[in-house]
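Colleague: Sharing a sequence plus its predicted fold:
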Amino acid sequence: MWVILGVIAIVVTFINLYMYKAGKDYKLAMAMGLSFTALTLCAEYSLVSVWVEVEDWAALMDVVPGMERALWFLTIVSILLNITPILLELKSKK
């Protein structure tokens, strides 16, 4: 599930950037991009929770360290890409 939500977040983020470039209202796409990013994080956390419940320590030790770094990086990139249109608007108004 987290993969599907992550792909949707990426697609919507690029729609956000395209809509800004095309001069259209991008704010809904921005909100959706950030929302799907949050849902991706929640889905990943749920997966880890299931592994803890079934005591699948091998999966936890194998996946969690790498996923932690990846999720931090991808979340920061998602936030920066989604707020880029707002930052560019503020810069052009000055």
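Modeller: Nice, I can see it.
Colleague: The helix ranked longest in the chain packs against which elements?
Modeller: If you go by DSSP state H, the chain has its longest helix at helix 57-93. Under the contact criterion of 3 or more Cβ pairs under 8 Å, 6 or more residues apart in numbering; DSSP states H and E, helix 57-93 touches helix 2-21, helix 27-53. C-beta: built from backbone N, CA, C; applies to glycine.
Colleague: mean confidence for that helix?
Modeller: Average pLDDT, helix 57-93: 93.
Colleague: what comes up buried for that helix?
Modeller: Across helix 57-93, burial judged by 16 or more other Cβ atoms under 10 Å covers 71, 74-75, 78, 81-82, 84-85.
Colleague: quick check: angle from that helix to helix 2-21?
Modeller: 10 degrees (axes from the mean of the first three to the mean of the last three Cα atoms, to 10 degrees).
Colleague: Among the helices and strands packed on helix 57-93, which comes closest to Ala59?
Modeller: helix 27-53 (4.9 Å; Cβ to Cβ).
Colleague: Run the chain-centre distance for the closest one.
Modeller: 7 Å (Cα atoms, centre = their mean, to the nearest Å).
Colleague: Looking at that helix now, give me its mean pLDDT.
Modeller: Per-region confidence: helix 27-53 scores 95 on mean pLDDT.
Colleague: Next, the angle helix 57-93 makes with that helix.
Modeller: 160 degrees.
Colleague: Helix 27-53: which residues count as buried?
Modeller: Neighbour counts over helix 27-53 (16+ other Cβ under 10 Å) mark 29-30, 32-34, 36-37, 39-41, 44, 48, 51 as buried.
Colleague: now, which of those sits nearest Gly23?
Modeller: Ala29 (13.4 Å).
Colleague: Show the pLDDT at the closest residue to that closest one other than its chain neighbours.
Modeller: The spatial neighbour of Ala29 that comes closest, neighbours along the chain excluded (Cβ to Cβ, 6 or more residues apart in numbering), is Asn16 at 3.8 Å. In this model, Asn16 is scored at 96, pLDDT.
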